[in-house]
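Asker: Sequence first, then the predicted structure, then my questions.
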Number of protein chains: 2
Amino acid sequence: MIRSAAVLFRERGVYGTSLSDVVAHSEAPRGSIYHWFPGGKAQLAEEATRYAGEFIAAGIAAALEQDDPVAAVRAFAALWREILRDSDFSAGCPIVSATLEGDRTPAARDAAGAAFARWQELLADAFRSRGVTPARAESLSTLVVAAVEGAIVLSRAQRSSAPLERVAGELESIVADAAFHAPARTSAAESIIR
Amino acid sequence: MIRSAAVLFRERGVYGTSLSDVVAHSEAPRGSIYHWFPGGKAQLAEEATRYAGEFIAAGIAAALEQDDPVAAVRAFAALWREILRDSDFSAGCPIVSATLEGDRTPAARDAAGAAFARWQELLADAFRSRGVTPARAESLSTLVVAAVEGAIVLSRAQRSSAPLERVAGELESIVADAAFHAPARTSAAESIIR
DNA sequence: GTCTATACGAAGATAGAC
DNA sequence: GTCTATCTTCGTATAGAC
């Protein structure tokens, strides 16, 4: 049910998703919403946001296990590219939805803030362990998260994965430079520079 | 009325804003909504999105007149920093709202896509005229737009302008490097590198 | 052009039976 | 725990008077 909510929030946002939608999508018993979520929709939104945030954080952590920050950035972008393609550019990031509609559900917005912070810290850790200074690791990891999230929005608006591809290419080369690491350079931005 | 809609969309999104809200905020005659907007809310959303997109594009164009891309990026970020601060982090970018809720209002989503494309092209033009190759100007300008928009979301979620500040600093130094231009370097990222 | 009144539907939440 | 039925509120949109 929480998973269904997260999936639906990706496409339609929090307001755009009714509790009936969630019940229908999850095939859960209709009468049990308020049994499991006494706080109603606000509680469901908060838990779905937290769930989605942790899910993606786990993906980032897994991608970082190869100890290659550039590959992790590439994997992060690739994850979203797939989601965009599979949904015909109608699905985005549920955490962004929770943020934008967060004035009415502060708990969900706070969960969104925590999720972004977690992703960014995971990346910052990886950068630091590659010799990047702490302050720079902080700003660079924030750039990566912000740019990818923004690129998803641009791609949805233009119904094209081109913005995400371009941003991913730029990020890969920026991270490669910062982390004093030169992996196989296949990104568009890199080939242009040469 | 269009202006009011854009202002409200920034804070509450398209779904979160009712036509009554728009009437109340704009102090326009209640009975005339469907006279001026026969297409109803969808039409209002589309025109508000277009209006906001052009408004911001004009700001970018003005900032670019000094022929200093770095300063333009700084001005772009500063614009949003003010909006965030003045609204206590409850206002964001109306174009993003139109994008996320665009499945129900395709016209507004298309206007959002056009707005992003316009901003990006303005920046790309400036980069090209500073000697950046066309392809790289394209990806770099996309990065700037995406990163700033994403940073606005992060700042709203965390109710802090720190993410926007960090991203702006990174972008300024990236753009400075790419445009073969070394203005007074005051950004955090640059001072860390030294 | 602008008004009031209202139709119509949707959504969140609750009540009480089983 | 889960069901059905219902209450209430709210939002879009329309109708028809002025």
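Answerer: That came through fine. Numbers count the residues shown, from 1 in each chain, chains lettered A, B, ... in the order given.
Asker: Tell me which residues touch residue A:102, please.
Answerer: By Cβ atoms under 8 Å, 6 or more residues apart in numbering or on different chains, the contact set of residue A:102 is A:108, A:109, A:110, A:112, B:156, B:157. Using the backbone N, CA and C atoms, a C-beta is placed for each residue, glycine as well.
Asker: what does residue A:85 give?
Answerer: residue A:161.
Asker: Return the distance of the helix or strand containing it from the chain's centre.
Answerer: In this assignment (DSSP states H and E), residue A:85 forms part of helix A:69-86. Relative to its chain's centre, helix A:69-86 lies at 10 Å (Cα atoms, centre = their mean, to the nearest Å).
Asker: Please identify the buried residues of that helix?
Answerer: For helix A:69-86, a neighbour-count test (16 or more other Cβ atoms under 10 Å in any protein chain shown) marks A:69-77, A:80-81, A:83-84 as buried.
Asker: Stretch A:12-20 now?
Answerer: Going by 16+ other Cβ under 10 Å, stretch A:12-20 has these buried residues: A:12, A:13, A:14, A:15, A:16, A:17.
Asker: returning to that earlier point: what packs against the following helix or strand past the helix holding residue A:85?
Answerer: Sequence order places helix A:94-100 as the next helix or strand after helix A:69-86, per DSSP H and E. Packing partners of helix A:94-100 (3 or more Cβ pairs under 8 Å, 6 or more residues apart in numbering or on different chains; DSSP states H and E): helix A:2-12, helix A:40-64, helix A:106-128, helix A:134-158, helix B:94-100, helix B:134-158.
Asker: Provide the contact partners of helix A:94-100 at residue level.
Answerer: Residues outside helix A:94-100 that contact it (Cβ under 8 Å, 6+ apart) are A:6-7, A:9-10, A:13-14, A:45, A:48-49, A:52-53, A:56, A:105, A:108-109, A:111-113, A:115-116, A:149, A:152-153, B:13, B:92, B:96-97, B:100, B:153, B:156-157.
Asker: cool, and stretch A:35-43?
Answerer: Stretch A:35-43 is contacted from outside by A:1, A:19, A:33, A:34, A:44, A:46, A:47, A:105, A:107, A:108, using Cβ under 8 Å, 6+ apart.
Asker: hmm, it touching DNA strand D?
Answerer: Yes - applying Cβ under 7 Å from any atom of the strand, one finds stretch A:35-43 touching DNA strand D at A:35, A:36.
Asker: Quick check: end-to-end length of that stretch?
Answerer: 12 Å (Cα to Cα, to the nearest Å).
Asker: what does chain A put close to DNA strand D?
Answerer: A:29, A:30, A:31, A:32, A:35, A:36.
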